[in-house]
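Novice: quick one, fold the following:
(2 chains)
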Amino acid sequence: MTIHFTLNGEPTEMDVQASDLLVDLLRLKLGLRGARPGCLLGQCGSCTVLFNGSLAPSCLIPAFKVYGSDVVTIEGLMQTREYQDIERGFARAEAQPCRFCAAGKFLSIHALLSSSPNPTKQAIQDTLAGAWCRCTTHQRLIQAIEYAAENRERRLRRGR
Amino acid sequence: MEDRNPTVYFPDTLSELLQLYRRTPSALLYAGGTYILSHRPGRFLELPSTVLSIQDVQDLRRVSRSERTIELGAGMTIARTLQLGEQNIPRALYVALSSIGPPAVRGIATIGGNLAIPARLMTAVPVLILLEARIELRRQGGVRWLPVSRFHLSDGRLDLKPGEVITRVRVPLQPWSGQMFRRFGTELSPESEPLTVCGLVRVSNGIVEEIRLNGTASGRTLLRSRTMEAELVGRRIPLSRKEVESAEEAFGELPAQLTDIQRDRFRRLLTWFLLNIQQLTTRSA
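Specialist: Numbers count the residues shown, from 1 in each chain, chains lettered A, B, ... in the order given. Here you go, the predicted structure:
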């Protein structure tokens, strides 16, 4: 079947098998390797994308569901100022996520800050529940998100 | 017959969906698909020859609230339902839904999907049973309402007629004084010995007016004792140790299929709930 969808802001058309998984389409057919197949059960967060504006594990999205949707991957987020806010927050907190979990963490944090600009510790923990990895300490992650929220707020105050 | 490239329909309206489903009752209704994909036997998803993708059916995503009930469209995602907030849905249901998967899974899993797994009592089911929620089942030319407690038949099947679709869940909004939901383990790993326990209590002038408690073990066995619930009505809180022990006795033997850990956890939570009714009601007040 042929599917049409928006990928990182660009209209995209592809021939797919209905049961292909979005994570495979992104990596194997489109060369976007930020989303990684981990547990393939939607639990580890390594294949997270924004699907119609919400966080979603791309290993649980078959190709036919992508039809008409809006998909943002970590590669798309990297082109935005919101990504820079998060990246600077991580740098300031000296938190360095590994390549396995970075996409899931950054997209989860972006989704969190978009819905609540000043998140509580509980909201941060809930958000990260789907993107835990042993690469970064819990405390630094929370700090990185708090710094990212500050960066974002400062930037928006400047009207950028 | 399984297929990697089936015919997929994307109905926009409920009537279109019901019409298509009537024509092809063997089609797979695909909403969030999280259970289907998490339980696929291999790397790839195998689908029947016809799939009805219901993601575009707006009628299945409506919410309406009256003074006494809230109706949730079966196609609403768990995340969207949680966005309604604790003030709009019963707290036990809110906590139960929050315990489903990581946030990304809650973004695609649906309420209807959580109800419609044959031979499985998924997370929301025991809570909806306790709340005496009802589901609307529609097919072309017909509609019926069924209590959630009667939807899962004892042989593991669902009480669905050919061409019928779960369209809404109606949850009563009763003034519970205290609510509890606890979950251990996850459906995805049976070795985690999954268990849920849910309790609701209404107290008036220090007297238990109504109390309901149930649990599920491994998503298959429903645990509930109406004898115990009846015995506790009319008691003054806090319950004494002796009253709690007598209530535990009234609950009776737990089914043999429970593991020792499930048995122990359930007993402990039952005791905790009964001993802490006063604290629970104060917290909710």
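
Novice: any low-confidence regions in chain B?
Specialist: The model of chain B has pLDDT under 70 over residues B:1-4, B:283-285.

Novice: send me stretch A:31-49 as PDB with only the CA atoms.
Specialist: Provided in PDB are the C-alpha atoms of stretch A:31-49 (Å, rounded to 0.1, in the frame of the first residue of the first chain):
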ATOM      1  CA  GLY A  31      17.800   6.400   6.900                       C
ATOM      2  CA  LEU A  32      16.700   8.100  10.100                       C
ATOM      3  CA  ARG A  33      18.500   6.100  12.700                       C
ATOM      4  CA  GLY A  34      17.700   8.100  15.800                       C
ATOM      5  CA  ALA A  35      14.800   5.800  16.700                       C
ATOM      6  CA  ARG A  36      16.300   2.400  17.800                       C
ATOM      7  CA  PRO A  37      14.600  -0.900  18.000                       C
ATOM      8  CA  GLY A  38      15.100  -2.000  21.600                       C
ATOM      9  CA  CYS A  39      12.600  -4.200  23.400                       C
ATOM     10  CA  LEU A  40      10.100  -4.000  20.500                       C
ATOM     11  CA  LEU A  41       7.400  -4.000  23.200                       C
ATOM     12  CA  GLY A  42       7.000  -0.300  23.700                       C
ATOM     13  CA  GLN A  43       8.600  -0.400  27.100                       C
ATOM     14  CA  CYS A  44      12.200   0.800  26.700                       C
ATOM     15  CA  GLY A  45      11.700   4.100  25.000                       C
ATOM     16  CA  SER A  46      14.600   3.800  22.600                       C
ATOM     17  CA  CYS A  47      12.300   4.000  19.500                       C
ATOM     18  CA  THR A  48      10.100   6.900  20.700                       C
ATOM     19  CA  VAL A  49       8.800   9.400  18.200                       C
END
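
Novice: can you list the residues that contact it?
Specialist: With contacts defined as CB atoms under 8 Å, 6 or more residues apart in numbering or on different chains, stretch A:31-49 is touched by A:21-24, A:26-27, A:55-60, A:71-75, A:99-105, A:107-108, A:130-133, B:34, B:37-38, B:43, B:101-102, B:104-105, B:188. Backbone N, C-alpha and C define where each C-beta goes, glycine included.

Novice: next, count neighbours for the residue in chain B that chain A sits nearest to.
Specialist: Here chain B gets closest to chain A at one residue, residue B:102, 2.6 Å apart by CB to the nearest CB. Other residues within reach of residue B:102, judged by other CB atoms under 10 Å in any protein chain shown, total 23.

Novice: list the helices and strands the longest helix seen in chain A packs on?
Specialist: Determined from DSSP state H, the single longest helix within chain A is helix A:138-157. Under the contact criterion of 3 or more CB pairs under 8 Å, 6 or more residues apart in numbering or on different chains; DSSP states H and E, helix A:138-157 touches helix A:81-92, helix A:102-115, helix A:121-128.

Novice: return the set of buried residues in it.
Specialist: A:141, A:142, A:143, A:144, A:145, A:146, A:147, A:148, A:149, A:150, A:151, A:152 (16 or more other CB atoms under 10 Å in any protein chain shown).

Novice: rewinding a little: most tightly packed of the helices and strands packed on helix A:138-157?
Specialist: Compared across the helices and strands packed on helix A:138-157, helix A:102-115 shows the largest average neighbour count, a mean of 23 (mean count of other CB atoms under 10 Å in any protein chain shown).

Novice: tell me the angle of that one relative to helix A:138-157?
Specialist: 50 degrees (axes from the mean of the first three to the mean of the last three CA atoms, to 10 degrees).

Novice: end to end on stretch B:149-165, go ahead and measure it.
Specialist: The first and last residues of stretch B:149-165 sit 17 Å apart, counting by CA to CA, to the nearest Å.

Novice: in chain A, what residue comes closest to chain B?
Specialist: residue A:130 (2.6 Å).

Novice: that residue looks like it's in a strand, true?
Specialist: No: judged by DSSP: H, G, I helix; E, B strand; the rest coil, residue A:130 forms no part of a strand; its state is coil.

Novice: phi, psi of it?
Specialist: Main-chain dihedrals, residue A:130, degrees, to the nearest 10: phi -100, psi 0.

Novice: before we move on, back to that, out of the contacts of stretch A:31-49, which are buried?
Specialist: A:21-24, A:26-27, A:55-60, A:71-75, A:100-105, A:107-108, A:130-133, B:34, B:37-38, B:101-102, B:104-105.

Novice: so which of these are in helices?
Specialist: Those of the buried ones among the contacts of stretch A:31-49 lying in helices (DSSP H): A:22-24, A:74-75, A:102-105, A:107-108, B:34, B:37-38, B:104-105.

Novice: just flag the most distant two among those residues.
Specialist: A:75 and B:38 (26.1 Å; CB to CB).

Novice: how many neighbours does residue 32 have?
Specialist: Picking chain A for this. 21.

Novice: can you look at chain B instead?
Specialist: Count around residue B:32 with other CB under 10 Å applied: 26.

Novice: was I right about it contacting residue B:108?
Specialist: Yes: the criterion here is CB atoms under 8 Å, and residue B:32 meets it with residue B:108 at 4.4 Å.

Novice: what residues are shared contacts of those two?
Specialist: Residues touching both residue B:32 and residue B:108 (CB under 8 Å, 6+ apart) are residue B:77.

Novice: who are the contact partners of the residue nearest the centre of chain A?
Specialist: The centre of chain A sits closest to residue A:107, judged by CA atoms, centre = their mean, with a distance of 2.3 Å. Contact analysis of residue A:107 by CB under 8 Å, 6+ apart lists A:48, A:49, A:50, A:55, A:72, A:74, A:77.

Novice: can I get those in a markdown table with pLDDT and distance to residue B:244?
Specialist: Below are those laid out as a markdown table (pLDDT from 0 to 100; distance: CB to CB, whole Å):
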| residue | pLDDT | distance to residue B:244 |
| --- | --- | --- |
| A:48 | 94 | 45 |
| A:49 | 96 | 49 |
| A:50 | 96 | 49 |
| A:55 | 92 | 43 |
| A:72 | 97 | 53 |
| A:74 | 97 | 53 |
| A:77 | 97 | 53 |
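
Novice: what sits up against the worst-scoring helix or strand of chain A on mean pLDDT?
Specialist: Least confident helix or strand of chain A, by mean pLDDT, DSSP states H and E, is helix A:121-128 with a mean of 84. Outside helix A:121-128, the residues within contact range by CB under 8 Å, 6+ apart are A:105, A:108-109, A:111-112, A:116, A:119, A:141-142, A:145-146, B:98, B:103.

Novice: of these, which is the nearest to residue B:174?
Specialist: residue B:98 (20.5 Å).

Novice: what is the burial count for that closest one?
Specialist: Residue B:98 has 18 nearby residues by other CB under 10 Å.
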